[in-house]
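Undergrad: turn this into a structure:
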Amino acid sequence: MYVPDGTVTGINGLGNVGNAWWTFMPEFVGSRLKDGWNFTANIYGEINTKSTVTQYRSGDILRAEFIATKTIGMWTAGPVADCVGQVSVDRSSAFDGGAINVNRYNIWAVGGSLSYNFGPAQ
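TA: Presented below is the predicted three-dimensional model:
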């Protein structure tokens, strides 16, 4: 969870490290580890509240990471994937004159993982 615990400055509240809103991040992580196999899914969201300065509310985000690897001897290899997307629209306010960015994003990445276990370091 991100909390508005820093100093909020500037006309829109973004002039310092503190945010003027809360972000809640529920998360689910599940793994199946057996016979050298690793199947893992990490899924979490970012649920934003509206800014106390501008009343603008950023859309919510959903992120998912997937791993499917096999260890044989000292080597581990397999596919990995990551996706992140905005699942709800931004909500504007009078501060922004009702103007919002209506573009959502959805990004996918797929690749591979290869590692070697040296003993004290992997």
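Undergrad: low-confidence ranges, the protein, go.
TA: Counting by pLDDT under 70, the low-confidence segments of the chain come to 101-102.
Undergrad: quick one, strands of it?
TA: 23-24, 27-34, 37-48, 61-72, 75-86, 106-116 (DSSP state E).
Undergrad: what residues does residue 53 make contact with?
TA: The contact partners of residue 53, taken as CB atoms under 8 Å, 6 or more residues apart in numbering, are 8, 12-13, 20, 95. Where C-beta positions appear, they are placed from N, C-alpha and C, glycine not excepted.
Undergrad: could you export the strands of the chain as TSV, including mean neighbour count and distance to residue 99?
TA: Conversion of the strands of the chain to TSV gives the following (neighbours: other CB atoms under 10 Å; distance: least, CB to CB, whole Å):
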stretch	mean neighbour count	distance to residue 99
strand 23-24	15	22
strand 27-34	10	33
strand 37-48	16	18
strand 61-72	15	21
strand 75-86	15	17
strand 106-116	10	22
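Undergrad: would you format those as CSV with distance to residue 1 included?
TA: Formatted as CSV, the entries for those read as follows, by distance: least, CB to CB, whole Å:
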stretch, distance to residue 1
strand 23-24, 5
strand 27-34, 11
strand 37-48, 10
strand 61-72, 14
strand 75-86, 18
strand 106-116, 23
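Undergrad: nearest to residue 55, of those?
TA: Using CB to CB as the measure, strand 37-48 is the one of the strands of the chain that comes nearest residue 55, at 12.4 Å.
Undergrad: quick one: the closest one to strand 61-72, angle?
TA: 170 degrees (axes from the mean of the first three to the mean of the last three CA atoms, to 10 degrees).
Undergrad: now the angle from strand 37-48 to strand 27-34?
TA: Inter-element angle recorded for strand 37-48 and strand 27-34: 180 degrees (by the same axes, to 10 degrees).
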